[in-house]
Each structure stands twice: as structure tokens, then as C-alpha cells.
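*Asks:* return a 3D structure for these sequence lines:
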Amino acid sequence: MALPKKKSRAIIVDNEEYRYSITTTQIDDKWNFSLNLIVQTEHGQGALLKSEGLVTRNIWLDFSDHKQYHKNDYPVIRPSDISKIITFAIKKGWTPNIKGSSFLLQLDNSYISNSEK
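*Replies:* Residues are numbered from 1 along each chain as shown. Now for the predicted structure:
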């Protein structure tokens with residue numbers, strides 16, 4: 001089953017069409033959130049790519065906190081990051097055009113573009 005078009009975005013990497021979806025899940029009582037990335041080919045026939053390990057915060061929950069937060073505390077996943085992650089996953093063994101179980105890729109925030117670029 002393909003990712004729904006209304007809840008995912010298209011991206012082309014190395015002339016292959018993919019769809020991706022990003023969701024968040026609260027992971028602790030300090031309002032840190034896990035960024036959950038799911039990628040699949042446009043036709044939806046192959047294995048899913050799922051990533052774990054990316055973490056962010058919600059700026060609107062911190063806005064009235066009067067603490068000093070740095071903008072790097074709120075990383076954003078850009079399409080260039082998605083492209084880099086897809087390429088990395090294929091090198092690690094993800095076969096996006098072959099049916100099979102989901103490929104789980106462990107990442108950390110070093111895979112997200114620095115917000116000061």
C-alpha cells in the first residue's frame with residue numbers, strides 16, 4: 001500500500017520517485033519529540049524505509065518559557081536531508097523496489113542540515 005498523497009510529499013532522488021511522511025511523537029516529559037520519517041517509492045510496491053533517532057522540540061511550547069534556547073534545538077528536515085537519507089539507506093541495503101519488511105535506519109541529528117546555513 002502506498003503512502004497517501006494527502007499526507008505525504010513527493011521527492012525525486014537519482015531519477016526515482018518517492019513519497020515521504022514525517023510525524024512526531026513525544027518522547028519525554030521535557031517536551032522533546034522524536035521525528036519519524038517514512039519513505040516509499042511512488043508506486044508503493046516496495047519495502048518502506050523508516051528512520052528513528054531524530055529529535056526536535058516544539059518552539060511554541062517553549063515560546064513563553066523565558067529560557068534561552070538556541071535555534072539548533074529545533075531542527076527541521078528539509079528535502080535535501082530526505083534525499084541524503086534515501087541515498088544513505090540504499091547504500092546500507094534498503095531495496096526500495098523489492099517487496100519485503102520495512103528497513104529501519106537509525107539516525108541522529110547530525111543528518112539534519114544545520115539551521116544556520
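*Asks:* quick one: low-confidence residue ranges for this protein.
*Replies:* Residue ranges of the chain with pLDDT under 70: 1, 58-73, 113-117.
*Asks:* who's in contact with the residue nearest to the spatial centre of it?
*Replies:* With distances taken as C-alpha atoms, centre = their mean, L37 lies nearest the centre of the chain, 3.3 Å away. Shown in contact with L37 (C-beta atoms under 8 Å, 6 or more residues apart in numbering): 20-22, 49-51, 54, 77, 82, 85. Backbone N, C-alpha and C define where each C-beta goes, glycine included.
*Asks:* switch to 7 Å and redo it
*Replies:* 20, 22, 51, 77, 85 (C-beta atoms under 7 Å, 6 or more residues apart in numbering).
*Asks:* what is the most widely separated pair among these?
*Replies:* With distances taken as C-beta to C-beta, the most widely separated pair in those is I22 and I85, at 10.9 Å.
*Asks:* for the longest helix along the chain, name the packing helices and strands.
*Replies:* As assigned by DSSP state H, the longest helix anywhere in the chain is helix 79-91. Contact analysis of helix 79-91 by 3 or more C-beta pairs under 7 Å, 6 or more residues apart in numbering; DSSP states H and E lists strand 9-13 as its packing neighbours.
*Asks:* what lies in contact with the next helix or strand after the strand it packs on?
*Replies:* Sequence-wise, the next helix or strand downstream of strand 9-13 (DSSP states H and E) is strand 16-26. If you take C-beta under 7 Å, 6+ apart as the criterion, strand 16-26 is touched by 2-3, 7-11, 33-42, 77, 82, 86.
*Asks:* in strand 16-26, what's buried?
*Replies:* Of the residues in strand 16-26, 18-20, 22 count as buried by neighbour count, 16 or more other C-beta atoms under 10 Å.
*Asks:* which neighbours in the sheet does it have, and how are they oriented?
*Replies:* Here strand 16-26 has these sheet partners by DSSP bridges: strand 9-13 (antiparallel), strand 32-41 (antiparallel).
*Asks:* closest to F103 out of those strands?
*Replies:* Nearest of the strands paired with strand 16-26 (C-beta to C-beta): strand 32-41, 9.2 Å.
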